[in-house]
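Enquirer: Fold the stuff below for me.
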Amino acid sequence: MSSAATTNNILATIDSKKPSTKQELIAANIKLLIEQLEAGHSEALTNYLTAMSRFHSYSFGNVLEIARQMPSATRVAGFWTWKNLGRSVKAGQKGIRILAPIVGVRRKKDEEANKDITKQNERVLLGFRNAYVFDVSQTDGVDLPTMHEVSGDPGENIERLTAFLKDKGIQLVYNSNIAPALGMSYGGRIAILPGQSKAEEFSTLVHETAHELLHKAERRTATTKTVRETEAEAVAFVVGKAVGLITGSASADYISLYHGNASLLAESLEVIQQTASVILAALEPPIVDEAATDGLAEVAA
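Expert: Residues are numbered from 1 along each chain as shown. Modelled structure (predicted):
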């Protein structure tokens with residue numbers, strides 16, 4: 001079977017109207033990504049990593065779905081959410097399918113529940129359903145408040161990341177003796193080479209923070225040094241993109257992440273997404289502009 005035919009079959013499976021499980025959806029997207037990479041479309045991996053930077057509160061499976069269906073998407077929400085924000089989906093626009101959780105209530109009838117109303121009902125995950133979101137480019141209406149971004153300057157994010165490390169009990173030092181390395185992680189201790197530009201310093205700090213969060217004893221023994229470095233650099237790429245730093249192409253350096261191994265690629269991309277989400281959450285300013293974010297909460301699946 002030709003490469004094009006295989007890709008079309010995978011796309012047909014993913015786009016089936018029958019709701020998929022998270023695992024099936026992720027597996028199909030990873031298979032498609034490997035197919036694209038092996039066919040020479042190295043930009044596909046950059047698209048996935050860029051989507052992580054834009055939708056870091058979404059689940060791993062939904063990030064893959066958004067990146068596959070609309071790599072250029074920057075800000076997505078449901079039909080009625082856009083309505084509430086004063087914008088309307090343009091006629092003829094096709095929604096981006098994601099998976100939304102179906103949550104039910106399990107009622108308890110024991111004596112403890114009768115005594116404590118807070119223990120009477122328990123929210124449980126029943127499964128998932130298809131849901132559709134639309135990118136802002138697919139809508140018309142009032143201008144949205146502009147969220148603060150930086151370009152080539154990490155702004156206050158170095159200080160916020162430093163505070164995050166301190167809260168985690170990770171020591172940060174600046175040491176010229178580590179040259180020519182820009183940064184090093186020792187397990188509970190990070191050393192950064194002084195004299196870097198602010199953008200380089202931030203990227204290096206994110207890279208080493210990723211090592212601290214990602215590569216504990218078990219994962220360190222289960223992965224190669226190349227994979228660990230690639231994952232840390234991918235996290236730096238995602239976080240840098242998210243805060244507005246100018247970044248190069250991710251593809252050339254990150255294709256070595258998988259070597260044709262679907263399970264390794266899936267595992268690595270998932271831990272990259274999770275780690276980047278933790279770091280980006282730590283970089284959120286103390287006071288969030290509710291007007292800018294109201295109604296744009298992502299669907300977790």
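
Enquirer: going forward, measure contacts and count neighbours with C-alpha atoms only.
Expert: Will do.

Enquirer: Now stretch 79-97 - C-alpha only, CSV.
Expert: What follows is stretch 79-97, C-alpha atoms only, in CSV (Å, rounded to 0.1, in the frame of the first residue of the first chain):
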residue,chain,number,x,y,z
PHE,A,79,-19.9,27.9,19.2
TRP,A,80,-21.8,29.4,22.1
THR,A,81,-18.7,30.6,23.9
TRP,A,82,-17.9,32.7,20.9
LYS,A,83,-21.4,34.0,20.9
ASN,A,84,-21.1,35.0,24.5
LEU,A,85,-17.9,36.9,23.6
GLY,A,86,-19.6,38.8,20.9
ARG,A,87,-18.3,36.8,18.0
SER,A,88,-20.1,34.5,15.5
VAL,A,89,-18.7,31.5,13.6
LYS,A,90,-18.6,32.3,9.9
ALA,A,91,-21.0,30.5,7.7
GLY,A,92,-19.6,27.3,6.2
GLN,A,93,-16.8,26.9,8.8
LYS,A,94,-15.9,23.3,9.8
GLY,A,95,-15.4,22.8,13.5
ILE,A,96,-12.3,21.2,15.0
ARG,A,97,-13.3,17.9,16.6
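
Enquirer: Please list the residues outside that stretch that contact it.
Expert: Applying Cα atoms under 8 Å, 6 or more residues apart in numbering, the external contacts of stretch 79-97 come out as 65-66, 69-70, 130-134, 138-142, 144, 295-296.

Enquirer: Poorly predicted segments of the protein, please.
Expert: The chain contains residues with pLDDT under 70 at 1-20, 105-123, 145-152, 217, 220, 247-261, 286-301.

Enquirer: now the helices for it?
Expert: 3-14, 22-38, 43-54, 60-69, 79-84, 111-115, 157-167, 198-214, 217-222, 225-242, 251-254, 262-282, 290-293 (DSSP state H).

Enquirer: Pipe the ones you listed into CSV and attach distance to Asn177 and mean neighbour count per row.
Expert: Below are these laid out as CSV (distance: least, Cα to Cα, whole Å; neighbours: other Cα atoms under 10 Å):
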stretch, distance to Asn177, mean neighbour count
helix 3-14, 50, 14
helix 22-38, 39, 18
helix 43-54, 33, 23
helix 60-69, 39, 23
helix 79-84, 53, 16
helix 111-115, 62, 11
helix 157-167, 21, 17
helix 198-214, 16, 22
helix 217-222, 25, 11
helix 225-242, 21, 23
helix 251-254, 27, 15
helix 262-282, 27, 19
helix 290-293, 44, 12
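
Enquirer: From Arg68, how far off is the most centrally placed residue in the chain?
Expert: By Cα atoms, centre = their mean, the mean C-alpha position of the chain lies nearest to Met52, the distance being 3.2 Å. According to Cα to Cα, to the nearest Å, Met52 stands 12 Å off from Arg68.

Enquirer: hmm, which of the contacts of stretch 79-97 are the buried ones?
Expert: Neighbour counting with 16 or more other Cα atoms under 10 Å marks 65-66, 133-134, 138-139, 295 as buried within those.

Enquirer: of all these, which comes closest to Lys241?
Expert: Using Cα to Cα, Ile66 comes nearest to Lys241 of those, at 16.7 Å.

Enquirer: can you pull the contacts of the closest one?
Expert: So Ile66 contacts 51, 73, 96-98 (Cα under 8 Å, 6+ apart).

Enquirer: among the contacts of stretch 79-97, which are in strands?
Expert: Counted as lying in strands by DSSP state E, out of the contacts of stretch 79-97, are 130-134, 139-141.

Enquirer: TSV for those residues, including distance to Lys241?
Expert: Formatted as TSV, these follow (distance: Cα to Cα, whole Å):
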residue	distance to Lys241
Asn130	29
Ala131	27
Tyr132	25
Val133	22
Phe134	21
Thr139	24
Asp140	26
Gly141	27
